[in-house]
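Student: my questions concern the predicted model and sequence given below.
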Amino acid sequence: MTQDDNGNPANDTSTLVSKLSMLGALSNSTRVGIMVVLLALKKATFTDILVAVKTSKSSLSTSLSILERAGYIKIEHGFFRKGGPRTVIVITAEGDRAITEYLDLMDKLTRNIKQKNME
């Protein structure tokens with residue numbers, strides 16, 4: 001059985017929860033939703049994300065600011081001849097790594113819980 005840095009089983013439920021908590025910017029379902037959209041698309045407009053995660057503009061703006069401060073996304077403001085001003089959100093390499101790690105940890109945690117429920 002593999003162990004973490006503290007000698008605990010690497011896939012122990014408490015270890016997985018601890019690792020999840022270290023991804024603090026992803027402690028909110030809206031921010032996880034944003035990152036999943038960006039993991040799939042690599043970049044999206046503010047409006048595209050707003051529709052996908054079904055939240056308010058103010059909540060989305062706050063969440064995007066938190067993700068940008070964490071280094072998970074880059075927010076680009078531009079003006080396009082067709083359609084006017086646009087805000088485009090791009091996932092960074094760090095953001096890609098973080099959401100991939102988060103999803104992997106959630107998958108392991110889910111499997112642990114299912115296994116314990118079957119015992």
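Tutor: Noted; the coordinates are in hand.
Student: quick one, strands of this structure?
Tutor: Assigned by DSSP state E, the strands in the chain fall at 43-45, 73-80, 84-91.
Student: any chance of these in CSV with mean neighbour count as columns?
Tutor: C-beta here means a position set from N, CA and C on the backbone, and glycine is covered the same way. Putting the strands of the chain into CSV (neighbours: other C-beta atoms under 10 Å) gives the following:
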stretch, mean neighbour count
strand 43-45, 16
strand 73-80, 12
strand 84-91, 15
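Student: ok, which of those comes nearest S29?
Tutor: Nearest to S29, of all the strands of the chain, is strand 73-80, at 16.5 Å by C-beta to C-beta.
Student: could you dump the strands of the chain into JSON lines and include mean pLDDT and distance to R97?
Tutor: As requested, those are exported to JSON lines (pLDDT from 0 to 100; distance: least, C-beta to C-beta, whole Å):
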{"stretch": "strand 43-45", "mean pLDDT": "95", "distance to R97": "17"}
{"stretch": "strand 73-80", "mean pLDDT": "89", "distance to R97": "13"}
{"stretch": "strand 84-91", "mean pLDDT": "91", "distance to R97": "10"}
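Student: any chance of CSV for those strands, columns distance to K54?
Tutor: Putting the strands of the chain into CSV (distance: least, C-beta to C-beta, whole Å) gives the following:
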stretch, distance to K54
strand 43-45, 14
strand 73-80, 19
strand 84-91, 16
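Student: and of those, who's closest to S56?
Tutor: When the strands of the chain are ranked by proximity to S56, the top entry is strand 84-91, at 15.5 Å, counting by C-beta to C-beta.
Student: right, I'll leave it there.
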